[in-house]
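> Okay, here's the prediction I keep looking at, along with the sequence it came from:
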Amino acid sequence: MKVVAIAGTFDTKGSEYQYVKSMVEELGLKAYMIHTGTFEPAFPVDVSNKEVAFAAEYDIDDIVSKKDRAMATEVLSKGMLKLVPDLYAKGKFDGILSFGGSGGTSLVTPAMRALPIGVPKIMVSTMASGNVEQYVGTSDIIMMPSIVDVAGLNKISKTIFRNAVLAIAGMLDMKEKLKEEKDDRKPLVAATMFGVTTACVGSAKEYLEAKGYEVLVFHATGTGGKTMESLIDAGFFSGVLDMTTTEWCDEVVGGMLAAGPNRCEAAGKNKVPQVVSVGAVDMVNFGPIETVPEKFSGRNIYKHNPTITLMRTTVAENVKIANKLVEKLNIATEKTALFLPLNGVSEIDQEGQPFYGPKEDEILFQTLKEGVNQNVVEIVEMNNNINDREFAEAAAKKLIEYMESPAASTM
C-alpha cells in the first residue's frame, strides 16, 4: 500500500486535513499524518509537533510559551527540514501533500525541497499564483493554487482538495504502469549552454549521444546553473560538461543571471568527472537597455534582443571571474579538465564581432592557468573559438575518457 504523508497545521485546519485524509484512504492509500502546528490537534497523528520541534532541538512547550508565531514557524520549518527526509529514507511515506497560506507554505516547502527529485510533492497554496521561486527553488514541487483561502470546507476548497488528492494518488498508483524507457537507463551528462555557445554544446551533445550517453542541457541563466548543481549533488550525473560558466560574470559584476556563490562546486565535491570551459565569460546580462545601471555608462554594450542587453567584461572583471573559477576548480581532487578556447569564448568574441577582446581573454586565461592546481586540473588550450566543432568534440572526448576510466587521477 502506498503511503501519502499529509503535513500541516492540524490545530488550526483540523477539519480540512481530516477531509483530505478521508479521501486519501478512500482511494486505498494510507495517510501518514505530520503535525506542524503549535498546539495539540483534536485527532491522533503519526508525527507530533513535539517530534518536529525536537528535530530542530527545541521543546514545543517553550515555543508555545513565547507566543511568537514567526519563531514557531521558523523552528518547526527547521524541524521539518531535518525530519522529513529522514522519514522518507526510512520508508515511512512515498509522497507528500500539504495545504496552506504563506505561513504553511513556508513551513513545509523547505522539507519538500530536501526530498529527492521524483518523489511526488504537492503544495496547495494561496501563494501558488505568484512568484513561487522561494518555495520551489530547484526542486520538483508542484504548486497548486488554492483559489480560496485554505480555511474551511466549501464547494471551491473541496474541489481543489479533491484534485490535489487525485493528483498525488495518480503519481503514486500509476507509477508502475508506465514502463521505464530504454533511454532512461543511459548514463546522464549535464551540460551548460547559452545562446552564444549553442553551436559548441550542440556539437558536444551530438558526439556524446552517439557514444551512448544522454545529455541534459541547462540554460546558464542563474536558475539553470542552480538546478544543475542541485542535481549533481543528488547523484544524477555520470559526468558534467560545464562549457558555459557565464553566470560568474553576473555574480561578480552584478548582472541579472547570477547562480549564486556555490556555482561550479558540486562536481568537484562529489568527485563527478567534469570538463569545464569559459563559455560566455565575455558578458554580463541585464534586461532592456534602459535597465543597465548608470555606473556602466560608456561600457561596450550590445543589445542582444529587446529584453536582454549584454555588457562586455573588462580586464579587471575577468581577473575576478577567473579567480572565482580557480577557487571552485581547486575543490576537485580528480578527473577535472579546463578547456580554454584561445580564439574566443563566445559567438560574439571573435574578430569582427562586438565583444572581440584579445586582452580581456588573455588575462582570463593567464589568471586561470596561474591559479588552478595543475596536479589535479588538466588544462587544455586550443586555437579555436569555443563554438568550433573541433573544440567541442575534444571536450566531449575528454569527458568520456574520464567517465570510462577507473583511474582516480586526471593526469
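Received it, and whenever you're ready, just let me know what you need. Numbers count the residues shown, from 1 in each chain.

> Spit out the contact partners of Val217.
Ala191, Thr192, Met193, Val201, Lys205 (Cβ atoms under 8 Å, 6 or more residues apart in numbering). Yep, even glycine has a C-beta here, placed from its N, CA and C like the rest.

> in which helix or strand would I find it?
strand 214-219 (DSSP states H and E).

> Can you name the element that comes right after that strand?
From strand 214-219, the next helix or strand downstream (DSSP H and E) is helix 223-233.

> What residues of the strand holding Val217 count as buried?
Val215, Val217, Phe218, His219 (16 or more other Cβ atoms under 10 Å).

> avg pLDDT for it?
Across strand 214-219, the average pLDDT comes to 96.

> partners of it in the sheet?
Counting by DSSP bridges, the strands paired with strand 214-219 are strand 188-193 (parallel).

> angle of the partner strand against helix 223-233?
Inter-element angle recorded for strand 188-193 and helix 223-233: 160 degrees (by axes from the mean of the first three to the mean of the last three Cα atoms, to 10 degrees).

> Not counting the helix or strand just after strand 188-193 itself, show me its contacts.
On the C-terminal side of strand 188-193, the closest following helix or strand by DSSP H and E is helix 198-210. By Cβ under 8 Å, 6+ apart, the surrounding residues in contact with helix 198-210 are 189, 191-193, 215, 217, 241, 243-244, 277, 279, 347, 386-389, 391-393, 395-397, 399-400.

> can you map out the strands along this protein?
Using DSSP state E, the strands of the chain run over 3-8, 30-35, 95-100, 121-125, 142-145, 188-193, 214-219, 239-242, 274-276, 283-286, 301-305, 308-312, 336-341, 377-382.

> Mean pLDDT lowest where, among the ones you listed?
For those, where the average pLDDT is lowest is strand 301-305, sitting at a mean of 91.

> how big is the angle separating that strand from strand 308-312?
Going by the same axes, to 10 degrees, strand 301-305 makes 150 degrees with strand 308-312.

> list the helices and strands strand 301-305 packs on?
Here strand 301-305 touches strand 308-312, going by 3 or more Cβ pairs under 8 Å, 6 or more residues apart in numbering; DSSP states H and E.

> The strand it packs on: how far from the chain's middle?
24 Å (Cα atoms, centre = their mean, to the nearest Å).

> Tell me the strands beside that strand, with direction?
strand 283-286 (antiparallel), strand 301-305 (antiparallel).

> buried sites along the last one?
Applying a neighbour-count criterion of 16+ other Cβ under 10 Å, one finds Ile301, Tyr302 buried in strand 301-305.

> for the lengthiest helix in the chain, which positions count as buried?
When the chain is scanned for its longest helix (criterion: DSSP state H), the result is helix 69-89. Residues of helix 69-89 classed as buried: 72-85, 87-88 (neighbour count, 16+ other Cβ under 10 Å).

> what's the closest of those residues to Gly101?
Relative to Gly101, the closest of those is Thr73; by Cβ to Cβ it sits at 11.1 Å.

> show me what contacts the closest one?
The neighbours of Thr73, taking Cβ under 8 Å, 6+ apart as the test, are Gly103, Ser106, Leu107.

> Identify the residue spatially nearest to the first one, adjacent ones excluded.
It refers to Gly103. Spatially, and ignoring its direct neighbours in sequence, Gly103 is nearest to Thr73 (5.4 Å; Cβ to Cβ, 6 or more residues apart in numbering).

> swap in the last one?
In this structure, Leu107 finds its nearest non-sequential neighbour in Ser77, 4.7 Å apart by Cβ to Cβ, 6+ apart.
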